[in-house]
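Colleague: After the sequence you'll find the predicted model.
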Number of protein chains: 2
Amino acid sequence: MNQFETPVFANVQEHRLACRKGQYSGPTGGVIPENVLCNLVVLPQSEAYDFLVYCMRNPKPCPVIEVFDPGDPISKFAAPGADMRTDLSRYAVSRFGESQGTCTDITELWAQDSVALLMGSSLTFDHALQRAGVKASPEVWVLKTSIQTQKAGRFSGPLIVTMRWMTSTQAIIATQLTARFAWNHGSPIHIGDPADIGADLEQPIWGKPVDEIPKGIVPVFWACGVTPQFTAESAKPSLMITHAPSHGFITDLKADQYCLP
Amino acid sequence: MNQFETPVFANVQEHRLACRKGQYSGPTGGVIPENVLCNLVVLPQSEAYDFLVYCMRNPKPCPVIEVFDPGDPISKFAAPGADMRTDLSRYAVSRFGESQGTCTDITELWAQDSVALLMGSSLTFDHALQRAGVKASPEVWVLKTSIQTQKAGRFSGPLIVTMRWMTSTQAIIATQLTARFAWNHGSPIHIGDPADIGADLEQPIWGKPVDEIPKGIVPVFWACGVTPQFTAESAKPSLMITHAPSHGFITDLKADQYCLP
């Protein structure tokens, strides 16, 4: 698999085929930067109703782009023909809220009543931000906040956010620009002091702990697609399959077209 | 009820109380013009899953603002405390797709498994359009198109649209402005010749038949909340309760705040 360490795929189909054949199992951020990147959630249909309501009540962390028919793993809208069982580079599996590790193919786990959902990811707008002159944050942190999401059935939990670092001028541009990407978490939910939203920089879910925010830097926070995975800890669905962190599904949708004008 | 023929309510609570007491049963467009107006759909939970998916697949005609817990008629988000059984001025009832007429109270029809949904209405942005200098259309037509919505379970059918008449300059302003009102159908789906989307002006669902479009006038079309009611003709749910046409639910949400910047 060495030839894919710096993956350069001619197009999204080639990337998907490499995933399907087990030839690529790496992260997907920036692999096809102009396409919408999605978070995947697969649940048994009996648990999917509450989850759909949870998404509708929390559109910022859970912006649904496609809901699949029960038992049907093939995309009709976001990437017609793509197979959710094989076309992601890596999956994360949990049973009753307990992690079962990751794998690169979920064909064996797929059931007649499996319902797949694709949700927008903020990794989608990173490319647009760079084109707008907002340099990539040195790191993207994932943090838990003290903000509670709106519960639905057994699905409840804190809002998880991504944090990016930038100058104040860049924060303004980033706010304007990401507001257009309504299906990829949209505008920030907070700018400034992490403590205001109960985010602890010393205990990030993802990323290195931060002692001090550098001078002249403004932390900007967006609702994060890790939120629904986190709620699985409270809902404990019998089986939940998601993309592995940073291993989202790359759709056929162009980010600059699947947004508001 | 004569005193309400030109209803002037001090605020939305007063209007809602008048509905609850049976003192107001008239149309609600423009009654509290600055508040978000919603379409109501009530279904048994067994039919609600497919309907939620239908809404997610068709966000332009079916922009969900609130999903209620099964059996709970009291709003928590859009109008905390409001009762969906009594606080609309008039309801439309259908069983297995057959109209059962209208009524002003659905307390007797409400069941343990009733699920209510509130969806944005384009009547919400009429006030904003007027403030932006786009005069109210002499009439608002409701028309069937030849565009098919994305089906979910038994829910399928044509996209229904509202048509407003304006000048070309106003059509540009209206496009810019309504794009911000993403939860009230958002930007138009078409501008220009009705035939392009299979809309027959001689057979509107609502409004007077049109022989000829006046010179200098551009028809502008928005996805319409009548779409899901129309799909009931194909889905034939055992019981479906909606607001009666033009008798939507007035929320506490301010239209100028519940939109994109």
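Modeller: Here it is on my side, so go on. Numbers count the residues shown, from 1 in each chain, chains lettered A, B, ... in the order given.

Colleague: helix or strand right after the helix or strand encompassing residue A:127?
Modeller: Taking DSSP states H and E as the criterion, residue A:127 maps to helix A:123-131. Past helix A:123-131, further along toward the C-terminus, the next helix or strand under DSSP H and E is strand A:141-148.

Colleague: can you tell me if that following strand touches chain B.
Modeller: No. Using C-beta under 8 Å from any C-beta of the partner chain, we find that strand A:141-148 stays clear of chain B, coming within 13.2 Å at best. C-beta: built from backbone N, CA, C; applies to glycine.

Colleague: and stretch A:95-104, how far apart are its ends?
Modeller: Across stretch A:95-104, the terminal residues are separated by 17 Å (C-alpha to C-alpha, to the nearest Å).

Colleague: all helices for the stretch 51-200 of chain A, in order.
Modeller: Along the stretch 51-200 of chain A, the stretches classed as helices by DSSP state H, counting those that start in this stretch are A:123-131, A:168-179.

Colleague: Do the last one and chain B come into contact?
Modeller: Yes. Counting by C-beta under 8 Å from any C-beta, chain B has neighbours in helix A:168-179: residue A:179.

Colleague: contacting residues around that helix?
Modeller: A:122, A:125, A:128-129, A:132-135, A:164, A:166, A:184-188, A:191, A:218, A:220, A:222, A:260, B:260-261 (C-beta atoms under 8 Å, 6 or more residues apart in numbering or on different chains).

Colleague: what's the neighbour count on residue A:189?
Modeller: 18 (other C-beta atoms under 10 Å in any protein chain shown).

Colleague: show me the contacts for it.
Modeller: Residues touching residue A:189, when contacts are defined by C-beta under 8 Å, 6+ apart, comprise A:60, A:147, A:159, A:161, A:197, A:221-223.

Colleague: Tell me how far it lies from residue A:223.
Modeller: Remark: distance between residue A:189 and residue A:223 (C-beta to C-beta, to the nearest Å) = 5 Å.

Colleague: How about residue A:141: what's its closest non-neighbour residue?
Modeller: residue A:207 (3.6 Å; C-beta to C-beta, 6 or more residues apart in numbering or on different chains).

Colleague: Okay, now the unreliable bits of the stretch 1-150 of chain A?
Modeller: Within the stretch 1-150 of chain A, the ranges that satisfy pLDDT under 70 run A:1-6.

Colleague: If we use 90, what do you get?
Modeller: Within the stretch 1-150 of chain A, the stretches falling below the threshold (pLDDT under 90) are A:1-8, A:29-30, A:122-128, A:130-133, A:135-140.

Colleague: How about the residues of it by chain B?
Modeller: Proximity of the stretch 1-150 of chain A to chain B is confined to A:45, A:48-49, A:52-53, A:55-57, A:64, A:66-67, A:69, A:77, A:150 under the rule C-beta under 8 Å from any C-beta.

Colleague: Report the buried members of those.
Modeller: The neighbour-count test (16 or more other C-beta atoms under 10 Å in any protein chain shown) applied to the residues of the stretch 1-150 of chain A next to chain B identifies A:48-49, A:52-53, A:55-57, A:64, A:66-67, A:69, A:150 as buried.

Colleague: ok, residue A:76 touching residue A:67?
Modeller: No. Residue A:76 sits out of contact with residue A:67 when judged by C-beta atoms under 8 Å, with a separation of 10.1 Å.

Colleague: mind listing the strands for chain A?
Modeller: In chain A, the segments counted as strands under DSSP state E are A:35-44, A:64-67, A:91-95, A:98-103, A:114-120, A:141-148, A:158-166, A:190-191, A:218-223, A:240-243, A:249-254.

Colleague: which residues sit in contact with residue A:60?
Modeller: Residues touching residue A:60, when contacts are defined by C-beta under 8 Å, 6+ apart, comprise A:185-186, A:189, A:223.

Colleague: now do 6 Å
Modeller: For residue A:60, the contacting residues are A:185, A:223, taking C-beta atoms under 6 Å, 6 or more residues apart in numbering or on different chains as the criterion.

Colleague: From chain B, how far off is residue A:18?
Modeller: Residue A:18 sits 30 Å away from chain B, going by C-beta to the nearest C-beta, to the nearest Å.

Colleague: Report the contact partners of that residue.
Modeller: Residue A:18 is in contact with residue A:24, counting by C-beta under 6 Å, 6+ apart.

Colleague: swap in residue A:229?
Modeller: Neighbour list for residue A:229: residue A:242 [criterion: C-beta under 6 Å, 6+ apart].

Colleague: cool, and the one 4 residues further on?
Modeller: Taking C-beta under 6 Å, 6+ apart as the criterion, residue A:233 is in contact with residue A:97.

Colleague: pLDDT value on it, please?
Modeller: Note for residue A:233: predicted pLDDT of 74.

Colleague: measure it to residue A:96 for me?
Modeller: Here residue A:233 is placed at a distance of 10 Å from residue A:96 (C-beta to C-beta).

Colleague: on that earlier part again, which of the contacts of residue A:189 has the largest number of neighbours?
Modeller: Going through those with other C-beta under 10 Å as the criterion, the one with the most neighbours is residue A:161, at 30 neighbours.
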